[in-house]
Structure formats: structure tokens, C-alpha cells
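In: here's my sequence, what's the structure:
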Amino acid sequence: MVTGATGFLGSELVRQLLDKGEQIRALKRASSEIPAILLNQPALEWFEADILDYFALEQAFENITHVYHVAALLSFAAEDKKKQLRINKEGTYHIVNLCLEKNIKKLVHVSSVAALGESKAGLPVTENNYWEFNGTQQGYSISKYESEMEVWRAMAEGLNAVIVNPSIIIGKNAGTAGSGQIFESVRKGLKFYTDGSNGFVDVEDVARAMIALMNSDICGERFVINAENWTLKDVLTEAAEAFHVKPPRIEAKPWMMELGWRGAETLSLINGKKYGLTKDTARNAFKKSAYSSEKFREFFPDFEFKPIKISIKEACDALNK
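Out: Predicted coordinates for the structure are as follows:
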């Protein structure tokens, strides 16, 4: 079973599992649309169940042996914080409890690098950087940390599980949502960049890593899944080349971004529209983050990540169609 099967990562995971001949039960909400890459698949059974509806989930678990828990709400809007905490934590609480109740053989849970601690001494963040609450963490980070704690609790109670902590996931089927907003902004003529940096990984690689972990004997571990660390300026420049447009040339300063998100918030109150620039996204743009997948590479030495340069080109080409 795959939760969050209509999402960016979930749909890619299901596609790869189907290619391997697996029989899949995919969970979706009644309002969710089935992605084009998953239409007309005889081996795929769609099951409508809200992640917060325990009894609907209980029915979905019938005759299931392995579970991929991908479903989560990703938002950096302040008004979504409570909803995000409930969906991500409470939904995971239901999933792991049902895994224990139904004697599921193994769970692969999708967390995030947002659930890890900060870098120490300028070194890349690893699985050993533990999350420490200091009052500055954002709602998404808190929700993913608390979700992960539910999985660790279930593992202590006997559940065989493994956790993946992907960095920023990009890929050709992202569209203009999530990480796809980065490239859509460049396509529309973005003029500003910041001096931040982050880790990036292709969605296909995250799905492959999850399947490899599910098919292994590894349990009770978590793994950072990150291909490369890039500055945001370099990502935007690479995207501009793919779109054949001018790259952003003006370095945005913190005070400029502060004015920007406050202005976007005011406009949102007036017209009801949601904007990608929020308090959290504005401040994230200046963070210098880097992540290491060394542990995952030690367990899977033959696993090769797709170069991020290729991932960016594929994402931009898809938006150009």
C-alpha cells in the first residue's frame, strides 16, 4: 500500500513499483485527481481514505503486507500550521498503529531533512544531527519531526520500519507546485536571487531508494537521501539556461525579502490568493544548508544518483511543453 499516491513523490513511487510487477493499493482522498502517469493500470487499486479517518484506513489495510507512507501536507503558509501538524503527525500515528495491529511486515516512512538538526562546525548534516527545538523551527519542520517520532515509537513497540529524509525533491512531473515553483518563477522572468544553498535530489532517485530499502533487511534506521548540494543562485542560473532566458542578476537582501513576504501577506488578506513568498520561504532563502548521503551510499554502494544538472533540465523542459 502507498499513501499519498497522487502526489509528486507518491505517484513516481507507484509508477516504479508497477514497472516491477507489484500489485499496489494506492490511497487517495475523494477530491484528489489521479496523475496521468498512473491512469489505466490494471495492477493498481485505488482506495479512497482520508489519512485522518482511522476506520477508513483500517479497511485499506486489509490483505496488505508492506506499506509506504508518503502522504503529508507540505506548506509554509502560517494559516496551514495547525492543519499541517494534525495531518502529518496524527495521520502517521494512525498509519503506524495500524501497521502494528495488522502485523505489517515492513513500513517505509517518508520524513524530511527538515526533521534533522542543524549543521555543526560547517559540516554537511547527517542522520546524526538530532533535531533540537529552539523556537525558530517552522511548522513543517515541527510536523515532520513529530511524525518521525511516531515511527520511532512504533519501532520500539516492534514495528519493522525504515525512515528516509530527502532533501528538496525535484523532477520533471512536479509541474508548478512545490519545488516546481522554483523553475516556474525563472521561466516567468525572475530577477532576484539569494545567497542561500540547499540539498537537491531527483524524485526518481528518492523512489528508487525507498524501494531498495523496502526490499532489504534493513530496519530501525533512517537515511538522508540527497544527490548534490547547490547554491540557490546556481540552481536559478541553470534553470535560466534551460529556458533560454536571462538568469536572475540582482542579489536580494534580507530586508527586501522581509518587505516582500509582508506585502504578499497583505495582498492575500485582500484578495484571498495564496502566494509562494511567505515568512518561512523568505527566511529559508538565506539559509546555507548542506546534506550528506554517505550512510545510504555505504549500505548501497552501487546506487547512483541522477546529476542535478540533468534533473533541472528535465524539469524545465517539462514546463516548456
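
In: which residues touch residue 49?
Out: Applying C-beta atoms under 8 Å, 6 or more residues apart in numbering, we find residue 49 in contact with 27-29, 56-57, 59-60. Every residue, glycine included, has its C-beta placed from N, CA and C.

In: for the residues you listed, which one is nearest residue 185?
Out: Minimum separation from residue 185 among the contacts of residue 49 (C-beta to C-beta) is found for residue 29, which lies at 28.0 Å.

In: neighbour-wise, which one of the contacts of residue 49 leads?
Out: Using other C-beta atoms under 10 Å as the neighbour criterion, residue 27 leads the contacts of residue 49 with 26 neighbours.

In: where's it, which helix or strand?
Out: Using DSSP states H and E, residue 27 falls within strand 24-28.

In: just give me how far that strand sits from the chain centre.
Out: Here the centre of strand 24-28 is set off from its chain's centre by 18 Å, with C-alpha atoms, centre = their mean, to the nearest Å.

In: cool, stretch 116-131 as well?
Out: Relative to the centre of its chain, stretch 116-131 is centred 19 Å away, using C-alpha atoms, centre = their mean.

In: end to end on it, go ahead and measure it.
Out: End-to-end distance for stretch 116-131, by C-alpha to C-alpha, to the nearest Å: 5 Å.

In: what comes up buried for it?
Out: Judged by neighbour count using 16 or more other C-beta atoms under 10 Å, the buried positions of stretch 116-131 are 116, 119, 124-127, 129, 131.

In: contact partners of that stretch?
Out: 113, 115, 132, 137, 141, 145, 165, 221-224, 229, 289-292, 294-295.

In: quick one, strands of the stretch 201-321 of the chain?
Out: 221-225, 228-231, 250-251 (DSSP state E, counting those that start in this stretch).

In: could you export these as JSON lines, including distance to residue 161?
Out: Formatted as JSON lines, those follow (distance: least, C-beta to C-beta, whole Å):
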{"stretch": "strand 221-225", "distance to residue 161": "9"}
{"stretch": "strand 228-231", "distance to residue 161": "27"}
{"stretch": "strand 250-251", "distance to residue 161": "43"}
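
In: which one of the contacts of residue 49 is nearest residue 89?
Out: Once C-beta to C-beta is applied, the member of the contacts of residue 49 that ends up nearest residue 89 is residue 57, at 14.8 Å.

In: so that closest one lies in a helix, does it not?
Out: Yes: Residue 57 forms part of a helix when assessed by DSSP: H, G, I helix; E, B strand; the rest coil.

In: list the contacts of it.
Out: So residue 57 contacts 27, 49, 51, 94-95, 98 (C-beta under 8 Å, 6+ apart).

In: mind picking the lowest-pLDDT entry from the residues you listed?
Out: Least confident entry in the contacts of residue 57, by pLDDT: residue 51, with 88.

In: what's the span of stretch 32-43, first residue to last?
Out: Taking C-alpha to C-alpha, the first and last residues of stretch 32-43 lie 20 Å apart.

In: how far off centre is it?
Out: 20 Å.

In: quick one: buried residues of it?
Out: 34-35, 38.

In: so for it, mean pLDDT?
Out: Averaging pLDDT along stretch 32-43 gives 89.

In: ok, now stretch 309-318?
Out: 95.

In: give me the contacts around it.
Out: Taking C-beta under 8 Å, 6+ apart as the criterion, the residues outside stretch 309-318 that touch it are 170-175, 179-180, 183, 186-187, 200, 202, 227, 235, 238-239, 242-243.

In: how about residue 219: what's its closest non-neighbour residue?
Out: Nearest residue to residue 219 in three dimensions, chain neighbours excluded: residue 160, at 4.4 Å (C-beta to C-beta, 6 or more residues apart in numbering).
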